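**Q** Give the three-dimensional model of this entry:
(one chain, ligands or ions: 2)
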Amino acid sequence: MATKKIHDFTPDKNFTKLLHGYSGNVVNGVGENQNRRPSMVWWAPDPASAPFGEAQKWFYSREQPDEEMLELRKARHEVVAQPTPEVADEKKFREPHDWTAELQQFITSGDCEMTGVTPLDPDWVFDHEASALPNIVMLGVQHDYDELKHVPAIKGGKDVTRQYLRAAAAAKKVAAWLREQGYQADAVTGPMTGKILMIPPAIACGFGELGKHGSIINQEFGSAFRLSAVLTDAPFASTPPREFGIDDFCSRCRVCENACPPDAIAPEKQLVRGVDKWYVDFDRCIPYFAETSGCAICIAVCPWSLPTVGLSLAAKLKRRAQRLASDAANKNTETPLSNQ
Ligand code: SF4
Ligand code: SF4
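**A** Ligands and ions are numbered 1, 2, ... in the order given. Here you go, the predicted structure:
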């Protein structure tokens, strides 16, 4: 795993000229103080229609995939192209909490490792898209850390594709299950999601918190997981967001900042479309991301991603929070000497 900063990284001119002067930070709304819907910046399903489409195609022309990678990619395309069943005429009735509990079957069967549900916020839908479906089911699949740790080498990249394949297959399976029970359901698969942002609904449904590296941190899987989703009108009960001190932890940790070769990870939060949050400098990240066929160093080096480390870090943060709360409570109940 590359953890040493490459201070003299210079983007390939053949890549930068394909950006035609566009700034991904501008497209993403860095510095904007008004909330607005996001615009597509990278991983456009149709590169010809996106400002960064030519640069996106360079990503594929640059890489040298081996046979296994080509097979994985072909398998993912086949899964994404699979037709979903027609929506059944009759709707199956379940209480909302029972619908949500039923999602556990996809974890038990090994299709995914995480499920959650949240109402779809229109602000998560790209500004050129629309969705009339009120709920979003989120699915998370865990990386094999022993493979992921090799990024940006192809061995690590293959696990990224392998997990996107699993995530796509899980989303298709959940969508088919819902349709067979009489509900609208559209699978959304990565990395070319096309329609919605994935990270905000994953945070809203309890998968974790946003880390300084711009990805989610989950207490069990760290950032070593991938997402897919299903938009649906099935009447699920929502799963609540969960916080366990990541935001504060990231403000004191610099591991990903130091490991990012092009210095794309800033020490402070930034204002993005009206929200102060951790943000990766797109214009610095993307040339290295493209040259290495997907980079992912920041998620692999994050201490939370190391197997079993996340849960013990979360337990430690919980004990710390309890100690601070207890100290504060004791302070409040102390009687000043002057009142005795
Ligand atoms: S993916 Fe981007 S932000 Fe993360 S380490 Fe690589 S270049 Fe840096
Ligand atoms: S490496 Fe440290 S600062 Fe970066 S996301 Fe992980 S915990 Fe946060």
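**Q** Surely Leu19 is in contact with Gln56?
**A** No - counting by Cβ atoms under 8 Å, Gln56 is not a contact partner of Leu19; they are 10.5 Å apart. (Each C-beta comes from the backbone N, C-alpha and C, glycine too.)
**Q** could you pull out the strands for the stretch 151-300 of the chain?
**A** For the stretch 151-300 of the chain, strands defined by DSSP state E, counting those that start in this stretch occupy the ranges 185-188, 209-210, 216-217, 225-232, 270-272, 275-277.
**Q** Mind listing residues that contact the last one?
**A** What it means is strand 275-277. Asn35, Leu210, Lys269, Gln270 (Cβ atoms under 8 Å, 6 or more residues apart in numbering).
**Q** Ligand 2 versus the residue positioned nearest the centre of the chain, what's the distance?
**A** Taking Cα atoms, centre = their mean as the criterion, Ile199 is the residue nearest the geometric centre of the chain, at 4.4 Å. Note on Ile199: its distance to ligand 2, by Cβ to the nearest ligand atom, to the nearest Å, is 13 Å.
**Q** I'd assumed Asp159 was in contact with Gly294.
**A** No - using Cβ under 8 Å, Gly294 is not in contact with Asp159, being 10.6 Å away.
**Q** Arg323 sits in which helix or strand?
**A** helix 309-333 (DSSP states H and E).
**Q** pLDDT on that helix, on average?
**A** Averaging pLDDT along helix 309-333 gives 88.
**Q** Leaving out chain neighbours, which residue sits closest to the closest residue to ligand 1 within the stretch 101-250 of the chain?
**A** Residue of the stretch 101-250 of the chain nearest ligand 1, by Cβ to the nearest ligand atom: His213 (5.8 Å). Setting aside the residues directly before and after it, His213 is nearest to Cys298 in space (Cβ to Cβ, 6 or more residues apart in numbering), at 3.8 Å.
**Q** That neighbour contacts Ala224, correct?
**A** No - look at Cys298 against Ala224 with Cβ under 8 Å: they stay out of range, at 11.5 Å.
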